[in-house]
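Visitor: predicted model, plus sequence, below.
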Amino acid sequence: MTVSVTSSAVGNPVSSGGTFTFNEGATPYDALCALGLSINARPSSYGTYVAAIGGLAEKEHGGTSGWMYSVNGKTPNTACSNYILKNGDTVVWYYVTG
């Protein structure tokens, strides 16, 4: 599967990508970890919450700014540690401002 990180909304200070093979049951969080970027994540009642990637943290560009992920162009309504990826999926982590 393919995974990438973009922060184009704020000038793209964090950017990476690659294609990886994962074991069955892998999640978007596993895909993010495979890129080797620094990650600040914490458990929440919903699952793993990613607060920062590559030093770019939530709330640096507005009170509701932070990291989100999409799978095959759609944003799942669940934590990144709960979504199970399938062979051929494309995961994009992107920074939103607000």
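Guide: It's in.
Visitor: per-residue pLDDT of residue 98, please?
Guide: At residue 98, the model reports a pLDDT of 89.
Visitor: what about the residue nearest to it when sequence neighbours are not counted, neighbour count?
Guide: Excluding the flanking residues, the one nearest residue 98 by Cβ to Cβ, 6 or more residues apart in numbering is residue 64, at 3.9 Å. Any C-beta I mention is one placed from the backbone N, CA and C, and that applies to glycine too. Around residue 64 there are 10 other residues, counting by other Cβ atoms under 10 Å.
Visitor: same check on residue 52?
Guide: Quick note: residue 52 (other Cβ under 10 Å) scores 19 neighbours.
Visitor: any idea how far it lies from residue 2?
Guide: Distance, residue 52 to residue 2, using Cβ to Cβ, to the nearest Å: 22 Å.
Visitor: re earlier: thought the residue nearest to residue 98 was touching residue 95?
Guide: No - checked against Cβ atoms under 8 Å, the pair residue 64 and residue 95 is beyond contact range at 11.7 Å.
Visitor: list the buried residues of stretch 40-49.
Guide: Neighbour-count burial for stretch 40-49 flags 41, 48-49 (criterion: 16 or more other Cβ atoms under 10 Å).
Visitor: residues contacting the residue nearest to residue 90 when sequence neighbours are not counted?
Guide: Nearest residue to residue 90 in three dimensions, chain neighbours excluded: residue 2, at 4.7 Å (Cβ to Cβ, 6+ apart). Counting by Cβ atoms under 8 Å, 6 or more residues apart in numbering, residue 2 touches 17-20, 89-91.
Visitor: from residue 69, how far off is residue 2?
Guide: The gap separating residue 2 from residue 69 is 13 Å, by Cβ to Cβ.
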